[in-house]
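Visitor: quick one, structure for this:
(chains A, B, C and D)
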Protein chains: 2
Amino acid sequence: MVVFAGQGDARRSMSLLWREGVSPQVKSGPKPALSVDEIVDAAIVIADADGMAALSMRAVGERLGRTAMALYTYVPSKAELLDLMVDRALAEVAREYDLGAGWRAAATAFAEDLWAFYLRHPWQLQISSARPVLGPGEFAVQETVLRILFATGLPPHRIRWVLGSLFSLVRGSAQIAVEARLAARESDVSEEEWWYTRSGMLTDLAPDLAERFPMVTKLGGMEPDPDDHTPYLEREARLTFEAGIQVLFDGVEAAITG
Amino acid sequence: MVVFAGQGDARRSMSLLWREGVSPQVKSGPKPALSVDEIVDAAIVIADADGMAALSMRAVGERLGRTAMALYTYVPSKAELLDLMVDRALAEVAREYDLGAGWRAAATAFAEDLWAFYLRHPWQLQISSARPVLGPGEFAVQETVLRILFATGLPPHRIRWVLGSLFSLVRGSAQIAVEARLAARESDVSEEEWWYTRSGMLTDLAPDLAERFPMVTKLGGMEPDPDDHTPYLEREARLTFEAGIQVLFDGVEAAITG
DNA sequence: CACGTTACTTTATGCTGTAAGGAGTTGCAA
DNA sequence: TTGCAACTCCTTACAGCATAAAGTAACGTG
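Guide: Numbering: from 1, shown residues only, chains lettered A, B, ... in the order given. Next comes the predicted model:
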């Protein structure tokens, strides 16, 4: 199910997000052996490697040689930890795109990087983007893409939907690619096996499939490319991504000239 | 976190999905007081009303006056129940679209209906579309949209990415709208309050925001429309949806003539 | 050296999905 | 008619989850 970021206690969450360069006040008591950053990093490592389902407070604690409860000294709750994960990961997205070759080249490069980012951090796609985290990482990404999009010369109200569509297309197609991988691993069944088994059962259970759904049949299924051993769904997702942003950018060009 | 459909035992799941018109064999033992359909319907009601987080086997059982374990007589596990929910809900999507006014009008109407469907059943967006359920409902929806898209005259390999982009755009924008609502309810904070609180804290924590992120500032935030009291994010999502599919369909037209 | 503050642990609570086993009901065969 | 197998449904139990509450140990400052 979807995880909502931005659900924890607002003030605590936000001050953790924007804690950049806060002078560590001298305090009594034992020295903290951990740090928020260490915890967030550990959580990201777990989520990257084993998926969101494996991300428990116990797991993060264990990875740092602590109990789950030890984390609560640093982080108010799991919700805030998720916020911090999201924003910290976003910080690694590139910020500088050369606009010398035009906005379209830069926008395409950005979309590529964002796609790669989601493949590196699949769990990002499982976190709702409706309630933004409003951390420095997220702002930086927005700033980056907006600098490119404003180079089109379009007014803000147009930029907004371009932004929305761009993220929808990248997230949507990346999700297919990512979940194809995740699902394969979670169920210990490769994509090929899965499809093979399922289509066999389908012809058993609904032998009239081709007549009932002629268009689906006409579209055809996986035709493996002997030269490309990327799993089918992932390749399909990739093609959708490329074609999708092309069409979007064509639309932007039309809006500019029209 | 994302829920994977299609993860349960393949054979059992598929035969439940395609059980249409299976003759109920005479069996010994007490008459079943429930049915798979009743269970699936109850689960959908719960998910519609209270969200995926509230959908537990105990909750479904309770709604039917049974214990959680009673459900396991009808359904092998929660994973299969999710498959059945997905496919059954999809069955309510309209199937007949008039192609008399051209593919574009029909495709737009379909996109509208799909958007409305996701707003009616927000939990659908929380289920991965990477591993399709392969049930009759899903096939019917695919058949419906493909009948429209094949009316463009484009070859299958082009239809595929149009299909993918269409679903990405609809799902992506619907997700924003839907999660804006969900998050508001889950946190007992209205969208306006949430934004107000957050932006207040932002100016406290990062007073140089406007200088650091000039483009974000330039894009502007929520400008409430005095005539339209739809929440901001939902309105924004709606605009993205409309503009997104327009651009997509423009691209399709270009592909046809070009 | 005592005391307050802080880091961290243990224990406990109420959720979750579901395995295991038992009770009760029904239809068919002997 | 009786016995039995098949079936529905229940209770109990378990592991794993987030996290509240309370306790212990370490540390800096008075």
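Visitor: kindly export the strand or helix carrying A:V86 (C-alpha atoms) in CSV.
Guide: According to DSSP states H and E, A:V86 maps onto helix A:78-90. This file holds the C-alpha atoms of helix A:78-90, laid out as CSV (Å, rounded to 0.1, in the frame of the first residue of the first chain):
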residue,chain,number,x,y,z
LYS,A,78,9.0,5.8,11.2
ALA,A,79,7.0,8.4,9.3
GLU,A,80,9.7,11.0,9.8
LEU,A,81,12.4,8.5,8.9
LEU,A,82,10.6,8.0,5.6
ASP,A,83,10.5,11.8,5.0
LEU,A,84,14.2,12.0,5.6
MET,A,85,14.9,9.0,3.3
VAL,A,86,12.9,10.6,0.5
ASP,A,87,14.6,13.9,0.7
ARG,A,88,18.1,12.6,1.3
ALA,A,89,17.9,10.3,-1.7
LEU,A,90,16.6,13.2,-3.9
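Visitor: so does it get close to DNA strand C?
Guide: No - judged by CB under 7 Å from any atom of the strand, helix A:78-90 stays clear of DNA strand C, getting no closer than 12.0 Å. C-betas here are computed from N, CA, C, even on glycine.
Visitor: now that helix: how far from the chain's centre is it?
Guide: Distance of helix A:78-90 from its chain centroid, counting by CA atoms, centre = their mean, to the nearest Å, is 13 Å.
Visitor: equivalent analysis for stretch A:142-159, please.
Guide: Put simply, stretch A:142-159 sits 21 Å off its chain's centre (CA atoms, centre = their mean).
Visitor: in that stretch, what's buried?
Guide: In terms of neighbour count (16 or more other CB atoms under 10 Å in any protein chain shown), stretch A:142-159 has its buried residues at A:142-150, A:152, A:154, A:158-159.
Visitor: then stretch A:52-70?
Guide: If you call a residue buried by 16+ other CB under 10 Å, then stretch A:52-70 has these buried ones: A:52, A:55, A:57, A:60-61, A:64, A:66, A:70.
Visitor: in helices only, show me the residues you listed.
Guide: The helices, defined by DSSP state H, take in A:57, A:60-61 from those.
Visitor: which of these sits closest to A:R235?
Guide: Among these, A:V60 lies closest to A:R235 (CB to CB), at 34.4 Å.
Visitor: and the host helix or strand of A:V216, what does it pack onto?
Guide: Per DSSP H and E: A:V216 is located in helix A:214-219. Helix A:214-219 sits against helix B:136-150, helix B:156-186, with contacts defined as 3 or more CB pairs under 8 Å, 6 or more residues apart in numbering or on different chains; DSSP states H and E.
Visitor: circling back to that earlier point, out of the buried residues of stretch A:52-70, who's near DNA strand C?
Guide: By CB under 7 Å from any atom of the strand, the members of the buried residues of stretch A:52-70 lying near DNA strand C are A:61, A:66, A:70.
Visitor: how much space separates the second one from A:A54?
Guide: A:R66 sits at a distance of 17 Å from A:A54 (criterion: CB to CB, to the nearest Å).
Visitor: could you tell me whether A:P132 really is in a helix?
Guide: No - looking at A:P132 with DSSP: H, G, I helix; E, B strand; the rest coil, it is coil, so not inside a helix.
Visitor: right, and it touches A:E138 too?
Guide: Yes - between A:P132 and A:E138 there is a contact under CB atoms under 8 Å: 5.7 Å.
Visitor: the two: who's more crowded?
Guide: Comparing A:P132 with A:E138 by other CB atoms under 10 Å in any protein chain shown, the one with more neighbours is A:E138, at 21 against 18.
Visitor: contacting residues around the more buried one?
Guide: Applying CB atoms under 8 Å, 6 or more residues apart in numbering or on different chains to A:E138 gives the contacts A:86-87, A:90, A:132.
Visitor: picking up where we left off before, mean pLDDT lowest where, among the helices and strands packed on helix A:214-219?
Guide: Among the helices and strands packed on helix A:214-219, helix B:156-186 carries the lowest mean pLDDT, at a mean of 87.
Visitor: and chain A, is that one touching that?
Guide: Yes - using CB under 8 Å from any CB of the partner chain, helix B:156-186 reaches chain A at B:156, B:159-165, B:167-169, B:171-173, B:175-176, B:178-180, B:182-183, B:186.
Visitor: for chain B, state which of the contacts of A:E138 is nearest.
Guide: Here the nearest of the contacts of A:E138 to chain B, counting by CB to the nearest CB, is A:P132; it sits at 8.8 Å.
Visitor: now do the phi/psi pair for the closest one.
Guide: Note on A:P132: backbone dihedrals following degrees, to the nearest 10 are phi -60, psi 150.
Visitor: quick one: it from A:P32, how far?
Guide: 29 Å.
Visitor: and what of A:L169?
Guide: Remark: distance between A:L169 and A:P32 (CB to CB) = 43 Å.
Visitor: repeat that for A:T217.
Guide: According to CB to CB, A:T217 and A:P32 sit 62 Å apart.
Visitor: now the residues of helix B:156-186 next to chain A: which count as buried?
Guide: Buried members of the residues of helix B:156-186 next to chain A, counted by 16+ other CB under 10 Å: B:159-165, B:167-169, B:171-173, B:175-176, B:178-180, B:182-183.
Visitor: give me the pLDDT for the nearest residue to A:W103 once chain neighbours are set aside.
Guide: Distances taken as CB to CB, 6 or more residues apart in numbering or on different chains place A:A151 nearest to A:W103, at 4.1 Å, with adjacent residues excluded. Reported pLDDT at A:A151 in the predicted model: 98.
Visitor: before we move on, what about A:M222?
Guide: Predicted confidence (pLDDT) for A:M222: 61.
Visitor: let me know the helix or strand that A:A43 is in.
Guide: Assigned by DSSP H and E, A:A43 falls within helix A:36-50.
Visitor: what about that helix, distance to the chain center?
Guide: The answer for helix A:36-50 is 15 Å, by CA atoms, centre = their mean.
Visitor: just the angle between that helix and helix A:156-186, please?
Guide: Helix A:36-50 runs at 60 degrees relative to helix A:156-186, counting by axes from the mean of the first three to the mean of the last three CA atoms, to 10 degrees.
Visitor: now for helix A:36-50, which elements pack on it?
Guide: Counting contacts by 3+ CB pairs under 8 Å, 6+ apart, helix A:36-50 is packed against helix A:57-63, helix A:78-90.
Visitor: residues in contact with the residue nearest to A:A243 when sequence neighbours are not counted?
Guide: Spatial nearest neighbour of A:A243, excluding adjacent residues (CB to CB, 6+ apart): B:W161 at 4.0 Å. The neighbourhood of B:W161, defined by CB under 8 Å, 6+ apart, consists of A:239-240, A:243-244.
Visitor: quick one: which of those has the most company?
Guide: A:G244 (29 neighbours).
Visitor: now that one: how far from A:S129?
Guide: With the distance defined as CB to CB, A:G244 ends up 17 Å from A:S129.
Visitor: buried stuff in stretch A:88-108?
Guide: So stretch A:88-108, judged by 16+ other CB under 10 Å, has buried residues A:88-90, A:93, A:97, A:103-104, A:106-108.
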